[in-house]
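1. Have a look at this fold, sequence not included:
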Ligand SMILES: [Zn+2]
């Protein structure tokens, strides 16, 4: 009998002789949750909290990237940790163009995510970068001044929120 089996036997015997225990460990659930964190639109971006930390690190360095499957060549957006086409985990980060065209757009007049309430109305859109399309806010633009096909370029914003690390996110704006 190896060491592992000894432990298993000990554990099962131990369980059988107890009533579940009256002297129990306590799991703390916070009685209140800070709303800004709970309803925060942006995900946490450090090593401990996301598996696409490289995407955010690249963005913080000024580069929009995404994952491409080394097995089947599929380009993803948003970045993945497993290829949805072939399930390979061999993915590499590749640069995306920072300029594209407005594929579709709309305007948000109410019900904006936390931190954006004071900015309504604002424009959101789908930007065509050639190989991928992504949805993003379109900054520095009025809905009435935009048209499908307008050239737009990447704009990176910093997020000032109640978390212990620097965060960034991507938006687009009309090309000058
Ligand atoms: Zn693949």
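-> In hand now; what should we look at? These figures come from a predicted structure and were not determined experimentally.

2. Mind listing the residues bridging to residue 156?
-> Beta bridges link residue 156 to residue 170 when assigned by DSSP bridges.

3. Quick check, it in contact with residue 61.
-> No: here residue 156 does not reach residue 61: they are 9.5 Å apart, not a contact under Cβ atoms under 8 Å. Every residue, glycine included, has its C-beta placed from N, CA and C.

4. what's residue 77 in contact with, if anything?
-> Shown in contact with residue 77 (Cβ atoms under 8 Å, 6 or more residues apart in numbering): 66, 96, 132, 133, 134.

5. what does this structure put close to the ion?
-> Proximity of the chain to the ion, by Cβ under 5 Å from the ion, involves residues 69, 71, 72, 74, 83, 85, 86, 88.

6. and those, which are buried?
-> Buried members of the residues of the chain next to the ion, counted by 16 or more other Cβ atoms under 10 Å: 69, 74, 83.

7. residues contacting the nearest residue to the last one once chain neighbours are set aside?
-> Translated: residue 83. In space, residue 83 comes closest to residue 69 once its chain neighbours are excluded; the distance is 4.0 Å by Cβ to Cβ, 6 or more residues apart in numbering. Residue 69 is in contact with 75, 76, 83, 85, 86, 88, 90, 91, counting by Cβ under 8 Å, 6+ apart.

8. how close does residue 69 sit to residue 91?
-> 6 Å (Cβ to Cβ, to the nearest Å).
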